[in-house]
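S.K.: Pasted the sequence and its predicted model underneath.
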Amino acid sequence: MILRCCLFVVVLVLFQPVSALSERLHVVTEEWPPYTQSCDGKTSGVVTEIVRATLDRAGLAYSLDVYPWARAYDMARTQKNVLIYPIFKMPKRAEHFKWIKIQGLSVEMYLFSPKYRTDITLTSLDEARKYRIGVTRETSTHHFLLSRGFREGVNLFPVNCEQQNELKSSPDVARIDLTTGDALSLAYWLKHSGRPVDYWVPRVPLFQEDFYMAFGQQTSDAVVEIVERAFTDIYDEGRLDTIVEAYWRLFE
């Protein structure tokens, strides 16, 4: 009887990783260059390359698609074997996901105003309540501002992607006064829209967050552990630094 139980435990331990490796993942992200971006049917970006390197090391089959953030988030939260990146680990999200931290990669989020808006004088988040803020729907900055008492339709105006805020802030449209984001991502959009690189002026810091990739609770722990172990391997080998440095040089 004891021998039979021992054999069962051994088989269970050996079978679980093999079963997990046979799972096919659906990887989802948004347009947030230079972290994630799509062009001519190919998805790239600094975090995309990190995720690809991780999954290739893990030996897992996967497909990768770009969606509006709200849709990608809902898919990852409710469906099995859906991996979302990059995502911030905020308190409201914590219990819905199984998290894998992308060590050594973080971002600072700010409120920005257009340079031509010399009428905007802003030194605190509280002062921003009198302005119209464009924010990408269901993102960390959206939830952050909601948690601080900002209200949709009053001083908070969600859009589907970051680029829309630049269009809505232009002098001929002027539907928002401020936007949220990080300097590197906004610099990318400005570079590709033909606007001056100093179009956006940082006004008020919001928060700094680490990047994560995450699975919903429906995904097995075995799959999560395989991916997490693979990321640790490429991080220890220094591959993360190589990927990040290659992308950062594009903006020097």
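M.R.: Sure, I can see it.
S.K.: for the stretch 1-150 of the chain, what spans make up the strands?
M.R.: 24-29, 37-39, 42-44, 61-66, 82-87, 97-114, 133-136 (DSSP state E, counting those that start in this stretch).
S.K.: Tell me the gap between the longest one and the middle of its chain.
M.R.: Which is strand 97-114. Strand 97-114 sits 7 Å away from the centroid of its parent chain (C-alpha atoms, centre = their mean, to the nearest Å).
S.K.: what about the residue nearest to Gln163 when sequence neighbours are not counted, how many neighbours?
M.R.: Spatially, and ignoring its direct neighbours in sequence, Gln163 is nearest to Trp189 (5.2 Å; C-beta to C-beta, 6 or more residues apart in numbering). Quick note: C-beta positions are derived from backbone N, CA and C, even for glycine. Residues lying near Trp189 (other C-beta atoms under 10 Å) number 22.
S.K.: Which pLDDT value goes with Trp189?
M.R.: For Trp189, the pLDDT comes out at 81.
S.K.: And the strands of the stretch 1-150 of the chain: which comes nearest Ile243?
M.R.: Closest to Ile243 of the strands of the stretch 1-150 of the chain is strand 97-114 (C-beta to C-beta; 9.6 Å).
S.K.: how far off strand 82-87 does that closest one point, in degrees?
M.R.: Strand 97-114 runs at 40 degrees relative to strand 82-87, counting by axes from the mean of the first three to the mean of the last three C-alpha atoms, to 10 degrees.
S.K.: about what we covered before: would you turn the strands of the stretch 1-150 of the chain into CSV with distance to Ser124?
M.R.: Below are the strands of the stretch 1-150 of the chain laid out as CSV (distance: least, C-beta to C-beta, whole Å):
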stretch, distance to Ser124
strand 24-29, 33
strand 37-39, 33
strand 42-44, 37
strand 61-66, 35
strand 82-87, 28
strand 97-114, 10
strand 133-136, 14
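S.K.: related to what we said a few turns ago, do I have it right that the residue nearest to Gln163 meets Glu162?
M.R.: Yes. Between Trp189 and Glu162 there is a contact under C-beta atoms under 8 Å: 6.5 Å.
S.K.: wait, doesn't Glu138 sit right on Tyr73?
M.R.: Yes. Glu138 lies in contact with Tyr73 (C-beta under 8 Å); the separation is 5.6 Å.
S.K.: which of those two has more neighbours?
M.R.: More crowded of Glu138 and Tyr73, by other C-beta under 10 Å: Tyr73, with 23 against 17.
S.K.: So for that one, what's the pLDDT?
M.R.: pLDDT for Tyr73: 96.
S.K.: Nearest to Ile234 among the strands of the stretch 1-150 of the chain would be which one?
M.R.: Evaluated over the strands of the stretch 1-150 of the chain, closeness to Ile234 peaks at strand 97-114, with 10.3 Å, by C-beta to C-beta.
S.K.: Packing partners of that closest one?
M.R.: Judged by 3 or more C-beta pairs under 8 Å, 6 or more residues apart in numbering; DSSP states H and E, strand 97-114 is in contact with helix 46-58, strand 82-87, helix 140-147, strand 178-181, helix 183-193, strand 200-216, helix 221-236, helix 239-248.
S.K.: Tyr62 pairs with what?
M.R.: Leu25 (DSSP bridges).
S.K.: Could you list which residues are in contact with it?
M.R.: Shown in contact with Tyr62 (C-beta atoms under 8 Å, 6 or more residues apart in numbering): Arg24, Leu25, His26, Val27, Leu55, Leu83.
S.K.: Could you export those as TSV, including neighbour count?
M.R.: What follows is the contacts of Tyr62, written out as TSV (neighbours: other C-beta atoms under 10 Å):
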residue	neighbour count
Arg24	9
Leu25	20
His26	16
Val27	23
Leu55	21
Leu83	27
